[in-house]
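Trainee: Pasting the sequence and the predicted coordinates here, then a few questions.
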Amino acid sequence: MNRKLTTLFAAAAFLFIGGKSFAQTEKDTVYVFLPDMPDAGIYLPPPPEMTSTTYADDFAQWQWGKTVRPTDRGQQANDDSQWGIKGMVRVNSDILGFEISKEKTPAIYKLLYNVLWTEHLSTQNAKRKYMRTRPFAQYNEHTWGRFDNERELRYNGSYPSGHTSLGWSTALVLAEMVPELQDTLLRSGYQYGESRVIVGAHYQSDVDAGYLCGSTAVAVMHASQYFQKDLEAARKEYCKIKGIKNVSQTEGFPDGTKIFDGPVTEESHRFYGDIIKYYETLPERETERGEQAKADADNSVDAMMKTFSTPAFEISRESNPAIAALLDYTRENLIKTADELGSSTFRERPYVRLNPRRNKTLISDDEEAYKEKTSYPSTHSEIGWGLALMLVEIGPRAAANDILGRGFEYGRSRVIAGYSYPTDVQIARLWASATLAHLHTIPEFQKLLQAAKDELNPPAKGKKKKK
């Protein structure tokens, strides 16, 4: 508890002294301080109001969660209510194949502990801003989670989900640490968030936001030299325990079919939520937002650099060739993983399924080309969120909220245009962060990443560049 208070006081002190930066040390329990963490209360939209039609999905998922409680999955959700370092140790020890503890695995334990308190900051501003009532409190019930303290939760905002941010961010970091276990780690991290719906402690929209907060926190952590140092130390400790020289460099990217549950089908109770959210966006087609959705159909790197440029971070291929090369490589692999996941199943696009007679979209020129392509996952959305995370990792903190906000809206443009359902867009965002976790293990990507960083912040004369 004292270390937690130290972390929070450090962040508060930063604000108190008027934004003056102070040096981070190896004794700190966070890799990024609160003022440098993107604000989910800015880059994400507010949670659905109970009086809105989009709340229907939250309500349906809350009801679904209660039906799962008597099952083995319900028991898992019950156990997943354990938050904090104890929860992460329990969840991941079996996957890694040994007991994680401060005494037996100090490097791995330190990494998990610091990731915990860093990602914790990613949800706090939004929680305080919205102070959304949790479903169990809203309906005068109790949570199914045996570790949940209902009294505390009633005074802690439901949106975004802190458990979800913790589980997903930890899974991303460990997947990068041990690529050979990436599918199992990411599946566990994904379910850790889903468990919050099952126990009734969070709505689905809280969990969806929590995943994005977790991936954002990991992107920012990658800019910390202390995170990089701790990650490498944890990887070496893992290898020593396993008796191997190096972790296995898994050739392929994670297998999305082993991580996610697949697209929403027409038999699912969530299909109605997808339809409602889709139809709610139709009026936006006649506004400036509709014009932006048309422009967002161009997912080339040149177009993306233009759309992500802000007064604090203006980028272009001409001025930033190294950044462009990094984004070219990242985009190519985001498309690759979207195609790999999409090839496992086919979901008819909303403009085909819901408007069979009119067959009308906002971008009619693309209708025939996309008609036979799956809606799940949304490739545009994966590119938008993935490149946003990449730019947040290398760019100035002052631009992060604008970049992430555009990355989020870039995905929503595909719903407005009629080419994807909201759940296809959300999975694409998660899939983007999983893809980036694996990209960070590839030497070619690492070289491009370092070159982009050096382009923005050239090494001092006489100082060697990092290899």
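Mentor: Looks like it arrived, so ask away.

Trainee: Could you check the pLDDT of residue 349?
Mentor: In this model, residue 349 is scored at 94, pLDDT.

Trainee: Help me confirm that it comes into contact with residue 414.
Mentor: No. Assessed by Cβ atoms under 8 Å, residue 349 is found out of contact with residue 414, at 9.7 Å. For every residue, glycine as well, the C-beta is placed using N, CA and C.

Trainee: between these two, which one's more packed in?
Mentor: Each of residue 349 and residue 414 has its neighbours counted (other Cβ atoms under 10 Å); residue 414 has more, 29 against 24.

Trainee: List the contacts of that one.
Mentor: Taking Cβ atoms under 8 Å, 6 or more residues apart in numbering, we find residue 414 in contact with 293, 296, 378, 380, 381, 420, 424, 425.

Trainee: Try it again at 10 Å.
Mentor: Neighbour list for residue 414: 281, 293, 296-297, 349-350, 362-363, 375, 378-381, 384, 420-422, 424-425, 428 [criterion: Cβ atoms under 10 Å, 6 or more residues apart in numbering].

Trainee: So which of these sit within helices?
Mentor: Members of the contacts of residue 414 lying in helices (criterion: DSSP state H): 281, 293, 350, 379, 380, 381, 384, 422, 424, 425, 428.

Trainee: Looking at those residues, state which has the most neighbours.
Mentor: residue 381 (32 neighbours).

Trainee: if I read this right, that one contacts residue 417, doesn't it?
Mentor: No. Taking contacts as Cβ atoms under 10 Å, residue 381 lies outside contact range of residue 417: 11.3 Å.

Trainee: Between these two, which contacts overlap?
Mentor: residue 296.

Trainee: I'd like to know which helix or strand in this protein has the lowest mean pLDDT.
Mentor: Lowest on mean pLDDT, DSSP states H and E among the helices and strands of the chain sits helix 2-16, with a mean of 40.

Trainee: still on that earlier bit, anything in contact with each of residue 349 and residue 414?
Mentor: 375, 378, 420, 421, 424.

Trainee: Which parts of this protein belong to which domain?
Mentor: 38-251, 260-456 (automatic domain parsing).

Trainee: Residue 393: what's it in contact with?
Mentor: Contacts of residue 393 (Cβ under 10 Å, 6+ apart): 216, 218-223, 326, 400, 436, 440, 449, 452-453.

Trainee: On the three-state scheme, it is what?
Mentor: Secondary structure assignment for residue 393 (DSSP: H, G, I helix; E, B strand; the rest coil): helix.

Trainee: Make 21 the first number, not 1, from now on.
Mentor: Got it, first residue is 21 now, which makes that one residue 413.

Trainee: buried residues in stretch 381-389?
Mentor: Residues of stretch 381-389 classed as buried: 381, 382, 383, 386, 387 (neighbour count, 16 or more other Cβ atoms under 10 Å).

Trainee: correction: stretch 141-151
Mentor: 141, 142, 143, 144, 145, 146, 147, 150.

Trainee: Check the spacing between residue 181 and residue 234 real quick.
Mentor: According to Cβ to Cβ, to the nearest Å, residue 181 and residue 234 sit 9 Å apart.
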